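1. Here's my sequence, what's the structure:
(3 chains)
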Amino acid sequence: MFIGMVAGGAGAAALVGVTAAAAWPSSAASESSSASASTATTMVMDSSGSTDMAGSGMSDADMNASAEAKVGQFLDNAASPITAGQGATELEWRTVNGVRVFELTCEEIEWEVIPGERVAAMGYNGIVPGPTLRVVEGEPVRVVVRNELTQSTSVHWHGQRVPNDQDGVPYITQPPILPGESYTYEFTPGPFGSHMYHSHHNATEQVGKGLLGALLVEPAERGSEPPYDKDELYILNDTLGGFTINGKGFPATAAYTAGLGDRLRFRFMNEGQMVHPIHLHGLTFEVFARDGYPLPQPFRCDTITVAPGERWDAIVVADNPGVWAFHCHILSHAERPDGMFGMVTALIVE
Amino acid sequence: MFIGMVAGGAGAAALVGVTAAAAWPSSAASESSSASASTATTMVMDSSGSTDMAGSGMSDADMNASAEAKVGQFLDNAASPITAGQGATELEWRTVNGVRVFELTCEEIEWEVIPGERVAAMGYNGIVPGPTLRVVEGEPVRVVVRNELTQSTSVHWHGQRVPNDQDGVPYITQPPILPGESYTYEFTPGPFGSHMYHSHHNATEQVGKGLLGALLVEPAERGSEPPYDKDELYILNDTLGGFTINGKGFPATAAYTAGLGDRLRFRFMNEGQMVHPIHLHGLTFEVFARDGYPLPQPFRCDTITVAPGERWDAIVVADNPGVWAFHCHILSHAERPDGMFGMVTALIVE
Amino acid sequence: MFIGMVAGGAGAAALVGVTAAAAWPSSAASESSSASASTATTMVMDSSGSTDMAGSGMSDADMNASAEAKVGQFLDNAASPITAGQGATELEWRTVNGVRVFELTCEEIEWEVIPGERVAAMGYNGIVPGPTLRVVEGEPVRVVVRNELTQSTSVHWHGQRVPNDQDGVPYITQPPILPGESYTYEFTPGPFGSHMYHSHHNATEQVGKGLLGALLVEPAERGSEPPYDKDELYILNDTLGGFTINGKGFPATAAYTAGLGDRLRFRFMNEGQMVHPIHLHGLTFEVFARDGYPLPQPFRCDTITVAPGERWDAIVVADNPGVWAFHCHILSHAERPDGMFGMVTALIVE
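-> Now for the predicted structure:
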């Protein structure tokens, strides 16, 4: 039934509860969405990171119409992307003498965070987050990094126990990679789990603008992690593109989908400047790893707080059907008078 | 002895240590309290969430007099409330065909956060936090919500695994509840533990202004939680009414009281926009649940950090007599040149 | 080999990776360091706690030269301090009738946070953090506090279960210590572990300016804590002196050093206003205590988030040689266009 709903667009975007007593608004007001998107960007760019709710000047009807239109866009996006560009796609590699070889190019790009709003960004291979690197604990990798930025850079393998000269800290472990130059990193991955790679040079700007990606290290020994049906990323950022999940802000965030009973693995990673407590409605997190390291005992919760630099892994058993909101619970990162924005997505259990 | 102290007012508000070498200030300066309260509100409203300590322009004697007066007010408040209105009182219900039925009305109200300072708020049944709903795991409930605000709203049962159409997210699971309309929610509570309910529409404003409350789900099986003598709420908010505990700022925060040896259960909940590390002097937290879910193993600490959306449950054994400060350890949420304010209370062990 | 590097100064400050393809910049530009230090202070003092990356106006070559110069200063600092004053040195005591007696004097001082930049501070015994007090669980202590400030103060023994009249909260447990007065605290330490002492009067200003220190309580029973070779403090502050570790900002932060295979105990303590997630490159934290209390089970991670008022204890086994960056992962607390600053240090494993 949710497939039908998702395909139905804004006008059919909500389920009316059987006990509902209220009238159902029918005007989708989709014509207001580009205007609200512009406003959104302005407000996100505010230096305080928060928004002034006072004096929004919107009528209740306008607020509802805008909120509904955005939900409609979000559900449309699940069927067909409403912004250009998709981050965190898995990067293909070639194998050279038993070494898994990846190639990354750092570029200044424009990135569409929400429909119609392109921000000046920095991407690996043109996307934000950069491509996901999937490697295996104990099996050597090589990453060739080409710098096509107008400033120097470097890459740090966040969470990996690499040899010091592969650690990516300019003037401590290597020279910076100058514009136009390339640099090759080589290491044997470990420990396994959910890790990250990102710039370690002028990093507040470079990581803020998008020079980051997931580094997923599969354990050498199967059975080191709990079983799951789907492997999902939830990468947070909060700086130069506003509040984003996997490089997009609501309504352009991708919905997660699951069949009833599926076990989903979520890999939460924070590449931003603020702590974000991520809340999932209607379901339960079973948190089993912190920074890739298996916890001595998993714990359960519905709000998992992810600080910058941290990674948390959780299993969600999709045992409750519906469209479940899945968002940062710092409400000013998730909702404004004109509706939800920023760090909001949903898990759709069909 | 502490009862006597509490009743003694500002002039007798402190215990002099046996080793004290300093003279004891005797001027209570209570006439300065309304002025400092006004200043307090202005400073809390500052968009950065912090206060400028430089140039406070107060003399040391004035600072002390103001600090003493506020402590006096706080201790007076333990005997007789110094502000109008008390939030989070437990809501009575009626039982209809085996269903526990609650009624909530959303209203725009004025709420007295500190003496003499009323802020524009939104309350369920006229109070902030809204009334506490106490239910039992597995026993069905119905909540009839009437919206008397000038804007739409909805209610989310934060932490509960409800059917999707009862989840309270406008345009995803239901239409918004329009001004003047009512909406009825029905669900069977679970999981047990410390949960919350709050608006999920224009929520930065609505929750910030007070549309929030505790939802306490008693376990179906006794023995699922550790035993305790007193059940206490500690609900944080930090937005439109400033830094508050259970809807009040120091000195209007209610003190917690215990007999020597009592086991108190504290339910920490954060409905604000910031992380708050809550520190208790002289005693020890035994933290046993996160978001309602029992931890695999309890842990001990004296500072429990509560992120927005999180709930933490802790037992405090009142095994050390005295008046123990109990406050957010982000010091700018708790103390200014004119004394303590905001997220400060005390646990009084008699 | 790292000793040689540390002694080599800025020009030899980095290891060139064997796979490096980039040219190595040779101009150290050390003449720019005092200018960049001035800029640093201005930016740190910005009320938002963040820095505007836009329009830094620096060329790539200038950014690299500044970054290199700062790394050089940091490594020089490991050989010979580049700023005046060292905080957190252990305080000597005398024993009087079986009581360990310490003396602390509160003073307004200037404190050099980074080279050439002195800030108006408040220190115990003239240093920031104040001297470290090392005591033993169950063995009585006396601390004589003399207030030579121009404002009142008090001392709170954060994390200790003291008698209430020794708890240090003005007008609740004692009168404030007036300027020119002294006050004597007496208590029997417990629980053991990593604790703190600091002002509890006008504390946002006083702790922000430096009235804080470590209180290390050794367990009465040996074997209560895991074994270690070195005992290291990592005290965070973020207010009136900017972003600091043990009272200094990068490049004046002290590097930690270890022999290969050493077990280091780090005691993380946050006396600031913000949460700081501390990330260590190339090695692993084994976290074994929270607020001094042993965890029921240690956990491993590479990023340990420390909220204000919290203490976390971790063992690091120095099993990977090199210079490992060790910094707050809120990147705006650690790096700017002109290079690393603030909450950055390194663990050098030789």
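
2. all contacts plus neighbour counts: C-alpha atoms, from now on.
-> Will do.

3. Does the closest residue to chain C within the stretch 251-350 of chain A belong to a helix, a strand or coil?
-> When distances are taken as Cα to the nearest Cα, the stretch 251-350 of chain A reaches nearest to chain C at residue A:273, 4.8 Å away. Taken by DSSP: H, G, I helix; E, B strand; the rest coil, the conformation at residue A:273 corresponds to coil.

4. ok, it - contacts?
-> A:237-239, A:308, C:329-332 (Cα atoms under 8 Å, 6 or more residues apart in numbering or on different chains).

5. which residues of the stretch 51-200 of chain A fall in strands?
-> A:94-96, A:99-114, A:117-124, A:133-136, A:141-147, A:155-158, A:182-187, A:193-199 (DSSP state E, counting those that start in this stretch).

6. ok, how many other residues are close to residue A:90?
-> Neighbourhood size, residue A:90 [other Cα atoms under 10 Å in any protein chain shown]: 14.

7. Mind pulling up the pLDDT for the residue lying closest to it once chain neighbours are set aside?
-> Distances taken as Cα to Cα, 6 or more residues apart in numbering or on different chains put residue A:132 closest to residue A:90, at 4.5 Å, once the chain neighbours are dropped. In this prediction, residue A:132 carries a pLDDT score of 98.

8. Ok, residue A:69 next?
-> pLDDT, read off for residue A:69, is 98.

9. same deal with the one 3 residues further on?
-> What the model reports for residue A:72 is a pLDDT of 98.

10. Would you check that residue A:251 makes contact with residue A:74?
-> Yes: the pair formed by residue A:251 and residue A:74 meets the contact definition of Cα atoms under 8 Å, at 4.4 Å.

11. three-state assignment of whatever residue of the stretch 251-350 of chain A ends up closest to chain B?
-> Of all residues in the stretch 251-350 of chain A, residue A:282 sits closest to chain B, at 4.2 Å by Cα to the nearest Cα. Under three-state DSSP, the three-state class of residue A:282 is coil.

12. quick one, which of residue A:251 and residue A:74 is more surrounded?
-> Neighbour count, other Cα under 10 Å: between residue A:251 and residue A:74, residue A:251 has more, with 30 against 27.

13. ok, that one - contacts?
-> Applying Cα under 8 Å, 6+ apart, the residues contacting residue A:251 are A:70-71, A:73-74, A:77, A:114, A:340-342, A:344-345.

14. run the last query once more with 6 Å
-> The contact partners of residue A:251, by Cα atoms under 6 Å, 6 or more residues apart in numbering or on different chains, come to A:70, A:73-74.

15. do residue A:279 as well
-> Per Cα under 6 Å, 6+ apart, neighbours of residue A:279: A:302-303, A:326-327.

16. Give me every residue in the stretch 151-300 of chain A that's in contact range of chain C.
-> A:151, A:161-162, A:164-165, A:171-175, A:181, A:183-184, A:202, A:204, A:273, A:291 (Cα under 6 Å from any Cα of the partner chain).

17. and those, which are buried?
-> A:151, A:161-162, A:164-165, A:171-175, A:181, A:183-184, A:202, A:204, A:273, A:291 (16 or more other Cα atoms under 10 Å in any protein chain shown).

18. Specify the beta-bridge partners of residue A:100.
-> Counting by DSSP bridges, residue A:100 is bridged to residue A:95, residue A:141.

19. distance of it from chain B?
-> 40 Å (Cα to the nearest Cα, to the nearest Å).

20. Hmm, that residue is touching residue A:141, no?
-> Yes: counting by Cα atoms under 6 Å, residue A:100 does reach residue A:141; the two are 4.6 Å apart.
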